[in-house]
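>>> How does the following fold in three dimensions:
(one chain, ligands or ions: 2)
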Amino acid sequence: MPESFLEINGIEAGYGDVRVLWDISLSVEKGEIACIVGSNGAGKTTLLNTISGIVKPTAGSIKLDGQELVGCLPDAVLKTGIAHVPEGRRLFKGLSVQDNLMLGAYLRDDRESIREDLSFVYDLFPILKERSTQDATTMSGGEQQMCAIGRGIMSKPRLLMIDELSLGLAPRLVDRLGDTLLEINKSGLTILLVEQDVMTAFEIAKRAFVIETGRVSISGSTAELGNDPKIKEAYMGI
Ligand SMILES: Nc1ncnc2c1ncn2[C@@H]1O[C@H](COP(=O)(O)OP(=O)(O)O)[C@@H](O)[C@H]1O
Ligand SMILES: [Mg+2]
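Ligands and ions are numbered 1, 2, ... in the order given. All right, here's what the predicted structure looks like:
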């Protein structure tokens, strides 16, 4: 079988002696939106941090387009084309919206194309253009999420990973962000979404991996899993 765009095999990781991820294998195809869902503490953030090179796995392999990422430092992972929008947005206090966006491009030197990408981000999120000189951390939660996603886009990624898109945001705003992600995806970008809110994730993504206590317990199309009585009961409260 040909390899997938993102191919994760047998990943084990944790903190000190505490193992958090157990034999995680999953794959994401080029051009798709996939999601990782699971309860609080299941290991979703640890998995994204492992992909980004922030957490070092003790076993396993992570390949993007055939290139091994295990052993790479976070900057090197970013350079291969993986952008990570972290849980809680993590914008820089004291820096303007535009400076926060430009930080996403700090490893790039293609100035012309950086300018085009900044216009692309401002077209996606016009409010960011209006607020371009404001301290990014003084904006609302939704606007900060837009800025964090925009910062991710500014690295010109091939894979955009978003940790908890919807956390703390009003449903209407989450719907709008979801629509924007679909639009970005149409422009060719592969997206890996991590969500505690399964309903939201399934509305946006085509394929899902459910993580329970550090293992992938179920995976499949979101259309299928959204109708699975076990998933409905455990994660959707219906
Ligand atoms: N920096 C850390 N040091 C020690 N344990 C951690 C750290 N970060 C997360 N954990 C533990 O790892 C487990 C998985 O956490 P996390 O990956 O944040 O889950 P999720 O994102 O699914 O809520 C939890 O038991 C959590 O307490
Ligand atoms: Mg998390």
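>>> Can you say which helix or strand has the residue in the chain that ligand 2 sits nearest to in it?
Nearest residue of the chain to ligand 2: Thr45, at 3.2 Å (CB to the ion). Every C-beta, even on glycine, is put in place using the N, C-alpha and C of the backbone. Element membership for Thr45 (DSSP states H and E) is helix 44-51.
>>> Contacts for that helix next, please.
Contacts to helix 44-51, defined as CB atoms under 8 Å, 6 or more residues apart in numbering, come from residues 6, 8, 11, 13-14, 20-21, 24, 36-38, 55-57, 62, 69, 77, 82, 84, 87, 161, 163, 192, 194, 196, 211, 214.
>>> mind redoing it with 6 Å?
Applying CB atoms under 6 Å, 6 or more residues apart in numbering, the external contacts of helix 44-51 come out as 13, 20-21, 36, 38, 55, 57, 62, 87, 161, 163, 194, 211.
>>> Please apply the same query to stretch 14-33.
Identification of contacts with stretch 14-33 by CB under 6 Å, 6+ apart yields 4-13, 34, 43, 46-47, 185, 190-192, 204-206, 209, 214-216.
>>> Stretch 55-64 too?
If you take CB under 6 Å, 6+ apart as the criterion, stretch 55-64 is touched by 6-13, 46, 49-51, 69-70, 80.
>>> show me where the chain has strands.
6-15, 18-28, 33-37, 59-64, 67-68, 82-85, 159-163, 190-195, 207-212, 215-221 (DSSP state E).
>>> can you put those strands in a markdown table and add mean pLDDT, mean neighbour count and distance to ligand 2?
Shown next, in a markdown table, are these (pLDDT from 0 to 100; neighbours: other CB atoms under 10 Å; distance: least, CB to the ion, whole Å):
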| stretch | mean pLDDT | mean neighbour count | distance to ligand 2 |
| --- | --- | --- | --- |
| strand 6-15 | 97 | 18 | 14 |
| strand 18-28 | 97 | 18 | 11 |
| strand 33-37 | 98 | 25 | 10 |
| strand 59-64 | 98 | 18 | 18 |
| strand 67-68 | 96 | 12 | 25 |
| strand 82-85 | 96 | 24 | 12 |
| strand 159-163 | 98 | 23 | 6 |
| strand 190-195 | 97 | 23 | 7 |
| strand 207-212 | 96 | 22 | 10 |
| strand 215-221 | 95 | 15 | 16 |
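>>> Tabulate these (JSON lines), appending distance to Glu130.
Formatted as JSON lines, the strands of the chain follow (distance: least, CB to CB, whole Å):
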{"stretch": "strand 6-15", "distance to Glu130": "35"}
{"stretch": "strand 18-28", "distance to Glu130": "34"}
{"stretch": "strand 33-37", "distance to Glu130": "28"}
{"stretch": "strand 59-64", "distance to Glu130": "35"}
{"stretch": "strand 67-68", "distance to Glu130": "39"}
{"stretch": "strand 82-85", "distance to Glu130": "21"}
{"stretch": "strand 159-163", "distance to Glu130": "23"}
{"stretch": "strand 190-195", "distance to Glu130": "26"}
{"stretch": "strand 207-212", "distance to Glu130": "35"}
{"stretch": "strand 215-221", "distance to Glu130": "39"}
